[in-house]
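K.L.:
have a look at this prediction, sequence included:
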2 protein chains.
Amino acid sequence: MILEIATLDIQPGQEEAFEAGVRQATPLFMRSKGCHGLTLQRVIEQPSRYLLIVRWETLEDHTVHFRGSQEFQDWRGLVGPYFASAPAVVHVQAVVETQ
Amino acid sequence: MILEIATLDIQPGQEEAFEAGVRQATPLFMRSKGCHGLTLQRVIEQPSRYLLIVRWETLEDHTVHFRGSQEFQDWRGLVGPYFASAPAVVHVQAVVETQ
């Protein structure tokens, strides 16, 4: 299991519309190959910034399958208009974990 | 519940020692007020970078209680020597969550 962590800066004033778009988009992720769920996290120190954290079975489930799918196009259609800049994406893997 | 997300850049070559330090330090977090667990995540695209994600009951459990405690001093003693630069820390709160 890996995590995709996308940092998303939203146009100030568009936060509510963006959050609604993410809620509407969750089924697009949940029906994608290897997706085990997601959370959208709002940054307390910078409320126009969010972290989208998506659990994927493998790196390629995100970078190849999802990004090449119609679901990705639909996702970007729902939330892309609210982005203030291009998302910054990294992938991480747990090396230490408490229960 | 909030998440502390600390971005930790480690001196190249010191990654294993750093990971061992985090393993040794987990009880320091787990016995701290309001700590519900942690994961250390390694960034696939940049393997000297890690995200430490700690679940806290409240923001103050981290920023006031933990940072003012002996446990914080001990944590920094165990892993601080491996840092390549000062950690960047944000706190986030879930606004959308799938099960």
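P.N.:
Structure's in. What do you need? All figures in this text were calculated on a predicted structure; none of them were measured in a lab.

K.L.:
could I have the CA atoms of the longest helix seen in chain A written out in CSV?
P.N.:
For chain A, the helix with the greatest residue count under DSSP state H is helix A:15-30. Extracted C-alpha coordinates of helix A:15-30, given in CSV (Å, rounded to 0.1, in the frame of the first residue of the first chain):
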residue,chain,number,x,y,z
GLU,A,15,-13.0,26.5,-0.5
GLU,A,16,-16.6,25.4,0.0
ALA,A,17,-17.2,24.8,-3.7
PHE,A,18,-13.9,22.8,-3.9
GLU,A,19,-14.8,20.7,-0.9
ALA,A,20,-18.2,19.9,-2.4
GLY,A,21,-16.5,19.0,-5.6
VAL,A,22,-14.2,16.5,-3.8
ARG,A,23,-17.3,15.0,-2.0
GLN,A,24,-18.9,14.5,-5.4
ALA,A,25,-15.8,13.0,-6.8
THR,A,26,-15.1,10.4,-4.2
PRO,A,27,-16.9,7.6,-6.2
LEU,A,28,-14.6,8.2,-9.1
PHE,A,29,-11.7,7.2,-6.9
MET,A,30,-13.5,4.4,-5.1
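
K.L.:
show me what that helix is packed up against.
P.N.:
strand A:35-43, strand A:49-56, helix A:70-79, strand B:88-97 (3 or more CB pairs under 8 Å, 6 or more residues apart in numbering or on different chains; DSSP states H and E). Every residue, glycine included, has its C-beta placed from N, CA and C.

K.L.:
just the pLDDT for the closest residue to residue A:15 other than its chain neighbours.
P.N.:
Counting by CB to CB, 6 or more residues apart in numbering or on different chains, residue A:48 is the residue found nearest to residue A:15 once chain neighbours are left out, at 6.4 Å. Note for residue A:48: predicted pLDDT of 98.

K.L.:
is residue A:48 in contact with residue A:12, as I believe?
P.N.:
Yes - Residue A:48 is within contact range of residue A:12, at 5.2 Å (criterion: CB atoms under 8 Å).

K.L.:
same drill for the two, tell me which one is more crowded.
P.N.:
residue A:48 (17 against 9; other CB atoms under 10 Å in any protein chain shown).

K.L.:
which ones are touching that one?
P.N.:
A:9, A:10, A:11, A:12, A:15, A:84 (CB atoms under 8 Å, 6 or more residues apart in numbering or on different chains).

K.L.:
which ones are touching the fifth one?
P.N.:
Spelled out, it's residue A:15. So residue A:15 contacts A:42, A:47, A:48 (CB under 8 Å, 6+ apart).
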